[in-house]
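Q: Okay, structure incoming, though there's no sequence with it:
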């Protein structure tokens, strides 16, 4: 194997991406080296490019890309149960050697999942980041601890549906998922369905209503017809006096956070994916009404989430094979690292109901 490989390199925060060469890392104990065949684009990649978000901690030049799918090229010491050539997916971890916008990427063998035979690289690569964000926010234990960056260490405290006692546990209860056509929203709905929530209300445009219902939503509210400022009344028409203990805001603008916070009943949780608005609670503590806000941090490879990630990835292939977790809709933007910058430009203009993917 060559000592270098091609990568989409970010020379500095705010700079343009450049296709170049970087040293190929060596798979250490418990790791595998993956030859990428498809990568997915996410809003966080734009944030990384603009600000150096997290990657700057490890220095420049950096690499972005949080979703990868490919085949195992090298097994590290002590790795068992895997073979060179196995087709897998993984979530990146912000360090250049672990990120996906390159030919070869390192991953821990405990947090890769075999791609079922019925899924292409392009479909499978839509799963890792979106699913992790939905799962960590909803299903890690509820904790008061915060990370140094202000994110919650824990989540909403629901019992994961892949663990004993979790499947169908919340029958008869209500879940609200804001932004159901987004990648994270899709997985939040699917997990809520596996958890047994009987009423799953989501927001989406009419164009994406069928997509959101196919994930498991029982009701879809068009935010064009009913603005978020009026969402609470619309939801109450569906739920009546039933308490709402779980709201996942996959959009997390100031308007959606305020709407989600107004819906949460005492003892319930609002999960947000972006920094909390001043109009909602503070991470790690209940407000005077007993409501909790969770600002999710979704990287499964960091020390806070690694154990949780191991448990999820141990069952992920089975969930995908059974169709209990379904990938996002896909738009392939082209082949090669060089198509990614234009794809990110398209993403910046707004994409809904589809995940942008480049093949390698």
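A: Arrived safely, thanks for sending. All figures in this text were calculated on a predicted structure; none of them were measured in a lab.
Q: any chance you could map the strands in the stretch 51-200 of the chain?
A: Per DSSP state E, counting those that start in this stretch, the stretch 51-200 of the chain has strands spanning 62-63, 67-75, 87-91, 104-108, 112-114, 174-178, 199-203. These are given in chain order.
Q: Mean neighbour count and mean pLDDT added to those, as a markdown table?
A: Where you see a C-beta, it was placed from the backbone N, CA and C, and this is true even at glycine. Below are the strands of the stretch 51-200 of the chain laid out as a markdown table (neighbours: other Cβ atoms under 10 Å; pLDDT from 0 to 100):
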| stretch | mean neighbour count | mean pLDDT |
| --- | --- | --- |
| strand 62-63 | 25 | 96 |
| strand 67-75 | 24 | 98 |
| strand 87-91 | 26 | 98 |
| strand 104-108 | 25 | 98 |
| strand 112-114 | 23 | 98 |
| strand 174-178 | 31 | 98 |
| strand 199-203 | 26 | 98 |
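Q: Just put the ones you listed in TSV and tack on distance to residue 267.
A: Output for the strands of the stretch 51-200 of the chain, formatted as TSV (distance: least, Cβ to Cβ, whole Å):
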stretch	distance to residue 267
strand 62-63	42
strand 67-75	34
strand 87-91	31
strand 104-108	36
strand 112-114	34
strand 174-178	13
strand 199-203	17
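Q: Out of those, which is closest to residue 38?
A: Smallest distance to residue 38 across the strands of the stretch 51-200 of the chain (Cβ to Cβ): 4.6 Å, for strand 67-75.
Q: sorry, back to before: residue 127 is nearest to which of the strands of the stretch 51-200 of the chain?
A: Closest approach to residue 127 among these (Cβ to Cβ): strand 87-91, 6.0 Å.
Q: what's that closest one in contact with?
A: The set of residues external to strand 87-91 that reach it, using Cβ atoms under 8 Å, 6 or more residues apart in numbering, is 32, 34, 37, 66-72, 82, 100, 105, 107, 111-115, 121, 124-125, 127-129, 132, 299-301, 309.
Q: Endpoint to endpoint, stretch 302-310 covers what distance?
A: Distance between the two ends of stretch 302-310: 11 Å, counting by Cα to Cα, to the nearest Å.
Q: in that stretch, what counts as buried?
A: Neighbour-count burial for stretch 302-310 flags 304, 305, 306, 308, 309 (criterion: 16 or more other Cβ atoms under 10 Å).
Q: care to break the protein down by domain?
A: 4-127+327-359, 130-295 (automatic domain parsing).
Q: before we move on, back to that, export the buried residues of stretch 302-310 to a markdown table and tack on distance to residue 55, pLDDT and secondary structure?
A: Below are the buried residues of stretch 302-310 laid out as a markdown table (distance: Cβ to Cβ, whole Å; pLDDT from 0 to 100; DSSP: H, G, I helix; E, B strand; the rest coil):
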| residue | distance to residue 55 | pLDDT | secondary structure |
| --- | --- | --- | --- |
| 304 | 18 | 94 | coil |
| 305 | 18 | 96 | coil |
| 306 | 19 | 95 | helix |
| 308 | 23 | 97 | helix |
| 309 | 20 | 96 | helix |
